[in-house]
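*Asks:* coordinates only, sequence not included:
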Ligand SMILES: NC(=O)c1ccc[n+]([C@@H]2O[C@H](COP(=O)([O-])OP(=O)(O)OC[C@H]3O[C@@H](n4cnc5c(N)ncnc54)[C@H](O)[C@@H]3O)[C@@H](O)[C@H]2O)c1
Ligand SMILES: NC(=O)c1ccc[n+]([C@@H]2O[C@H](COP(=O)([O-])OP(=O)(O)OC[C@H]3O[C@@H](n4cnc5c(N)ncnc54)[C@H](O)[C@@H]3O)[C@@H](O)[C@H]2O)c1
Ligand SMILES: [Fe+2]
Ligand SMILES: [Fe+2]
């Protein structure tokens, strides 16, 4: 397993100009989104760049929940700029876009599909050297500052997919909890649900020694290698922080302690799932986001419909863990206990049910929309949702329990209504 | 913080030939010590090298508890061999020697003192590129496979010191618990005490945000940055494993579960202290090892006197934590509880005393020599021991409680007899 460099602390963003000097950067690409370009995190970075006289160009056209088209737009910008370093200031949407821009600008003759995950793309290994990328996360969610993954919505196919390679992992993640203070309530909630699912899915993923086929040459092993004793440490630790702090972080924007802890938890969970992988909540979330109709979430300052990533993963979580618990019930029970369930008299065979109920209560308390129906889906959409899940093999095969199309159908159906 | 790559699993050593092929290695330097060269871990590596047709030269002249002279011998071998990759199979002595050999062979015009820690050496930053180094630990102790540290005994000065740079961190650590099965009892015990102290010291080290001076340019920050929320996770996790498995691993060579868990714990604690640092047990251990008289430990198949590193750190631990507890008593109490103390009615002001007593009991149960007196030191040696500790500033300044020479004297004196 591998972990990227992280620097943590209130205000550490002010050093970013020095980091770029140390890297010898002469032409820096600063990426963010339109909303963030007006907010304190981007300001802090701009101040430091100015202080250290760093020459940069800013791209603030990142699309929230990026698409192939929005990735391509950023790639064009990167190719034209001939940059020697990248800085991404934002949530997963910005960091992922910046990873892709760096990758394709460093590999200018590649076709866009070359590096996209198979079977949608060709899934070629990255062999070109990339430029340094410093990620400054502003949500407490994706952990993208620690992972070699960049996710986008493939518009023609109406499905989310991504690029996965250790090569695109940021050189440095600057985790400055001050940046979380400007997040409105629903962004804290939805990005926090992503942390919750990263932790739960990586902790319950198929164990690394049960994965098959196991490529005999280590170089061909997938980035997502199944749950293992190291990722377990990160997953459990992140889950405990979520249990303790997520509600506080959502309810009180002034609660520095809670927001700072969630910011760290998102990196911890990222290190965990970046090595172990995620499974069904994520696999099923991609069509939930990709097929969005007219849903416009509260607190998102954007003009297109979207299902925020964290919401798209968490809505199926009660159904998913009720389904998977059969395999490692004791881990499911342990997770339920961490999330507040009293398991003293619990029977191990009820583990799935108990974790599902615990999650429902947790989500209800946090005013989460009442299931897939509440965000615009009906029974008639289930075949399309199932079809969109099938190409997500890279993650769904990490589910501890194998699934048929009928199983997936049943899981979507059970997620239509939560309470 | 940064972590190196780790591969974990029984039998994973068999892939090392393929790893070297993937690295394009054409001339490999295999380092080990004379004792290990006859044992299963080296055999497993040789078999894989043969299977994949890897061209290599073997150096088995590593000194257990290396010295400047033994480092220089290995460096000469490395320079002459013009290797393009290194494999170290052994405990900390082998891995550290191999790091030094790789460093100086990659920087052939450097003087030996250039990279040695100041104030003993010049402590220059490493700017040359090194060759890949794969570390295969065979003890469950140093965690050297995860750290950028190489320790040696500076004979003329009669003091242990080292080289510390992220540049010498191994490219890959192969943690194959099968290798721990051939360790005799005292090697399991002593290397396990090293894990115990790495965990306890890094968990109680001065917090990262209280370190001073805090170099304003991140590039000048020391590798040991003080305890922090990330290293805490590793330290506590390693400590829990030590509490659960060390005794079993020592007592029963057939207890695969216990030995495998200790093997992982040594890497976990290594990642923790490699970022946070260690403090007084380690700072004081260097003269305890360096000034050794005639002590010859049981189970060590070597012909010179030595105090095994793990023993040299653990003998002062009761005195050290009784001294430091004043600063973060709650962390000392937490550690005592993890190690088995009943703290339900404990008073916070007794934290140091409680942890010290818990350690004494732990060591007594494991037949550890009764203090510094039992390994040949007397009161008359204390001034020399103190003098040997003073240049260890790099670690002693990470003690949560500052110490005078008188304090050090008292700590050595209190460590003469343990029970
Ligand atoms: N690369 C990975 O490892 C990984 C993992 C999980 C998810 N993802 C992807 O990341 C994306 C989601 O990222 P996200 O959840 O971090 O959110 P996001 O980047 O999509 O941002 C959501 C909204 O929050 C706003 N925002 C962000 N930080 C803010 C702040 N500090 N103050 C005020 N507003 C702020 C943004 O402007 C945006 O409108 C999805 O595309 C998802 O698929 C990637
Ligand atoms: N680099 C670091 O981060 C770091 C940290 C702590 C200590 N150290 C250093 O590491 C050295 C100590 O290393 P160590 O404790 O791992 O022991 P070691 O390498 O000194 O080995 C001790 C003895 O155990 C034998 N041995 C090792 N593995 C065996 C096995 N599987 N079966 C049978 N015999 C085996 C060796 O042959 C040797 O005789 C010291 O020099 C210490 O200062 C380095
Ligand atoms: Fe996610
Ligand atoms: Fe040590």
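*Replies:* Cool, got the structure. Small disclaimer: the values here were computed from a predicted structure and weren't measured. Ligands and ions are numbered 1, 2, ... in the order given.
*Asks:* rest of the way, CA atoms for contacts and neighbours
*Replies:* Noted.
*Asks:* Once you drop chain neighbours, what's closest to residue A:141?
*Replies:* residue A:191 (4.1 Å; CA to CA, 6 or more residues apart in numbering or on different chains).
*Asks:* and the host helix or strand of that neighbour, how far out from the chain's middle?
*Replies:* Using DSSP states H and E, residue A:191 falls within helix A:185-204. Counting by CA atoms, centre = their mean, to the nearest Å, helix A:185-204 is centred 8 Å from the centre of its parent chain.
*Asks:* again, but for stretch A:78-88
*Replies:* With CA atoms, centre = their mean, you get 23 Å for stretch A:78-88.
*Asks:* Can you report how many residues lie near the closest residue to residue A:40 other than its chain neighbours?
*Replies:* Ranked by CA to CA, 6+ apart and with sequence neighbours excluded, the top spatial neighbour of residue A:40 is residue A:179, at 7.1 Å. Residue A:179: 26 surrounding residues under other CA atoms under 10 Å in any protein chain shown.
*Asks:* Then the one 4 residues further on?
*Replies:* One way to gauge burial is a neighbour count; for residue A:183, by other CA under 10 Å, it gives 20.
*Asks:* For it, list the residues it contacts.
*Replies:* Contact analysis of residue A:183 by CA atoms under 8 Å, 6 or more residues apart in numbering or on different chains lists A:139, A:253.
*Asks:* repeat for residue A:284
*Replies:* By CA under 8 Å, 6+ apart, the contact set of residue A:284 is A:313, A:316, A:385-386, A:388-389, A:392.
*Asks:* and the gap between it and residue B:230?
*Replies:* 31 Å (CA to CA, to the nearest Å).
*Asks:* and what of residue A:122?
*Replies:* 36 Å.
*Asks:* do the same with residue A:28
*Replies:* Residue A:28 is 29 Å from residue B:230, by CA to CA.
*Asks:* Quick check on the two: which one has the bigger neighbour count.
*Replies:* residue A:28 (23 against 18).
*Asks:* which one is the more buried one nearest to, not counting chain neighbours?
*Replies:* In space, residue A:28 is closest to residue A:56, 4.4 Å off (CA to CA, 6+ apart).
*Asks:* next one: residue A:193
*Replies:* Nearest to residue A:193 is residue A:310, by CA to CA, 6+ apart, at 5.1 Å.
*Asks:* residue ranges for the strands of chain A, please.
*Replies:* Along chain A, the segments classed as strands by DSSP state E run A:5-8, A:28-33, A:56-62, A:85-90, A:133-137, A:149-154, A:159-164, A:172-175.
*Asks:* winner for burial among those strands?
*Replies:* Among the strands of chain A, ranked by average contacts under mean count of other CA atoms under 10 Å in any protein chain shown, first place goes to strand A:133-137 (a mean of 28).
*Asks:* hmm, it touching ligand 1?
*Replies:* No: Strand A:133-137 lies out of reach of ligand 1 by CA under 6 Å from any ligand atom, never closer than 7.5 Å.
*Asks:* Is that strand positioned near chain B?
*Replies:* No: Strand A:133-137 is not in contact with chain B by CA under 8 Å from any CA of the partner chain; minimum separation 13.8 Å.
*Asks:* Tell me which strands that strand pairs with, and in which orientation.
*Replies:* strand A:85-90 (parallel), strand A:172-175 (parallel) (DSSP bridges).
*Asks:* Please work out the angle formed by the directions of that strand and strand A:28-33.
*Replies:* 30 degrees (axes from the mean of the first three to the mean of the last three CA atoms, to 10 degrees).
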